[in-house]
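Q: the following comprises the amino acid sequence and a computationally predicted model.
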Amino acid sequence: MNLGFFTMPIHPLGKDWKLSLREDREAFLLADELGFTEAYVGEHVTDQAENITSCIAFLAWIAAATKQIRLGTGTINMPNTHPATVAATMAMLDHMLDGRLIFGISPGGLLSDAELFGNLDADRNAMFLESINQVLEIWATEPPYNIQGKYWNISTQKTLIRDIGQGFIARPSQRPHPPIVVTAVAPFSKGVTEAAARGWDPISANFLMPAWVKSHWPKYVEGCERSGRAADPGNWRVAKSVFVAKDTATAKAYATDPDGPYVYYYRSLFTKLKKNGRIELFKTRRDQPDHEVTLESICDRLIIYGTPDSVADQLLAFQDEVGQFGTLLYAGKDWKDRELGRQSMILMAEKVMPRVNAGTSKPPKSAQSSAAS
């Protein structure tokens, strides 16, 4: 299992913006130093707590400071930006990263962003599909472009000056394009199936109950079968909220503190999803009454914390529950305590993952029992 990083940073509202951005940057640089294989950052324009407004700008900021880690947009909210802008800026970013870019895309989930950009009442899934189709067509064709759609039209036919390069849109370093991933937040996500059919891979969100994470794999298999490609568990990424400390008392205190960054993170998400009628993501079964879903039950089920040994055991149990996957994405949180935040990532890379991978290399208990007999 590979170790990656995913942050949709949720910072305290009163925290200095410069400080939170510096800490977010430091987390990515630390992940690179520790050998994390990939790292993603989200974006929202109208959220004081989730205050990275452009994942492209953020990744451009850290591109030259990273050495080996692949960096991903987590995600570009496609309906909110003109497809030609996405195509050109992502192409430039891929060159800045020397081909280390992963292209994470989604219809966008923050309703205040949708209202701001005028698509609150629009079919954002349809806008998403048109946008990514146009981006891929731009990268696959030569100018002058003549791409007509319901939401956007793209052309440089009137202004093309071929011999000096006017009217061209840049292409990425990776051909035909960077790997494409989509975030999966719905139980039994149909989007996972459609993405897999197009050769894209899923990231299962860290705020989904394990039963809903598990539901993504058969949908991925369905899409792969439709397109005739192998459904490789190595292509499945699963995000998880994890906190590792040197001792149990410190781990529990930090991860369960009502004013700490982990509980704060889920309080913010719980408030948003409940208000938007998506509380089912936090249910353990589909017929569970809404009143049974509490912040305490969410945190108890979704936050893994403890010493390296304990966390490794919990992650192996989680993998047994949801199925095999290729990359665990450590979900970034605010660094209320900078040293504990850094230490958790270090312990995760240096102590937890070797234990997890040693555990996954063992045969199932039933096989061990058979061998012993």
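A: Sure, I can see it. Residues are numbered from 1 along each chain as shown.
Q: where does the stretch 101-250 of the chain dip in pLDDT?
A: Within the stretch 101-250 of the chain, no range satisfies pLDDT under 70.
Q: next up, the contacts around residue 155.
A: Residue 155 makes contact with 144-147, according to C-beta atoms under 8 Å, 6 or more residues apart in numbering. All C-beta atoms are positioned from the backbone trio N, CA, C, and that covers glycine.
Q: most neighbours among those, please name it.
A: In terms of neighbours by other C-beta atoms under 10 Å, these top out with residue 145 at 21 neighbours.
Q: can you show me the strands along the stretch 201-350 of the chain?
A: Secondary structure of the stretch 201-350 of the chain, counting by DSSP state E, counting those that start in this stretch: strands at 201-204, 237-244, 303-306, 327-331.
Q: follow-up on the earlier one: for the contacts of residue 155, give me JSON lines that also has distance to residue 68 and secondary structure.
A: Shown next, in JSON lines, are the contacts of residue 155 (distance: C-beta to C-beta, whole Å; DSSP: H, G, I helix; E, B strand; the rest coil):
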{"residue": "144", "distance to residue 68": "39", "secondary structure": "coil"}
{"residue": "145", "distance to residue 68": "35", "secondary structure": "coil"}
{"residue": "146", "distance to residue 68": "40", "secondary structure": "strand"}
{"residue": "147", "distance to residue 68": "36", "secondary structure": "strand"}
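Q: now for these: which two are most distant?
A: 144 and 147 (10.4 Å; C-beta to C-beta).
Q: which one of the strands of the stretch 201-350 of the chain lies nearest to residue 50?
A: Comparing these under C-beta to C-beta, the one sitting nearest is strand 327-331, at 13.0 Å.
Q: can you tell me how far residue 210 is from residue 285?
A: For residue 210, the distance to residue 285 equals 12 Å [C-beta to C-beta, to the nearest Å].
Q: more neighbours, those two?
A: Neighbour tally, residue 210 and residue 285, criterion other C-beta under 10 Å: the higher count belongs to residue 210, 19 against 9.
Q: sorry, back to before: nearest to residue 328 among the contacts of residue 155?
A: When these are compared for distance to residue 328 (C-beta to C-beta), residue 147 wins out at 38.2 Å.
Q: that closest one bridge partners, please.
A: Beta-bridge partners recorded for residue 147 (DSSP bridges): residue 154.
Q: ok, now how distant is it from residue 130?
A: 10 Å.
Q: quick check: closest non-adjacent residue to residue 74.
A: Spatial nearest neighbour of residue 74, chain neighbours left out: residue 40 (3.0 Å); criterion: C-beta to C-beta, 6 or more residues apart in numbering.
Q: now the one you found, which residues is it bridged with?
A: residue 6, residue 72.
Q: what's the neighbour count on it?
A: Count around residue 40 with other C-beta under 10 Å applied: 27.
Q: same check, this time on residue 126
A: 14.
Q: what's the helix or strand where it lies packed up against?
A: If you go by DSSP states H and E, residue 126 is part of helix 124-140. Contacting helix 124-140 under the criterion 3 or more C-beta pairs under 8 Å, 6 or more residues apart in numbering; DSSP states H and E are the following elements: helix 83-96, strand 101-106, strand 146-147.
Q: can you give me how far it is from the chain middle?
A: In terms of C-alpha atoms, centre = their mean, to the nearest Å, the centre of helix 124-140 is found 20 Å from the chain centre.
Q: may I see the buried residues of stretch 56-72?
A: Under the neighbour-count criterion of 16 or more other C-beta atoms under 10 Å, stretch 56-72 has 56, 58-60, 62-63, 66, 69-72 buried.
Q: dump the C-alpha coordinates for it into CSV.
A: C-alpha atoms of stretch 56-72 as CSV (Å, rounded to 0.1, in the frame of the first residue of the first chain):
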residue,chain,number,x,y,z
ILE,A,56,-3.6,25.4,-9.2
ALA,A,57,-2.1,28.5,-7.6
PHE,A,58,-1.2,26.5,-4.4
LEU,A,59,0.5,23.7,-6.4
ALA,A,60,2.3,26.2,-8.5
TRP,A,61,3.6,27.8,-5.3
ILE,A,62,5.1,24.5,-4.1
ALA,A,63,6.1,22.9,-7.4
ALA,A,64,9.7,23.9,-7.5
ALA,A,65,10.2,23.1,-3.8
THR,A,66,9.1,19.5,-4.2
LYS,A,67,11.4,16.8,-5.6
GLN,A,68,9.6,13.5,-6.2
ILE,A,69,6.0,13.6,-5.0
ARG,A,70,3.2,13.7,-7.6
LEU,A,71,0.9,16.6,-6.9
GLY,A,72,-2.8,16.6,-7.7
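Q: what sits up against that stretch?
A: 21, 24-25, 28-29, 31-32, 35-41, 43, 52, 73, 76, 89-90, 93, 96-97, 100-104, 181.
Q: list only buried entries from those.
A: By 16+ other C-beta under 10 Å, the contacts of stretch 56-72 give 21, 24, 28, 31-32, 36-41, 43, 52, 73, 76, 89-90, 93, 97, 100-104, 181 as buried.
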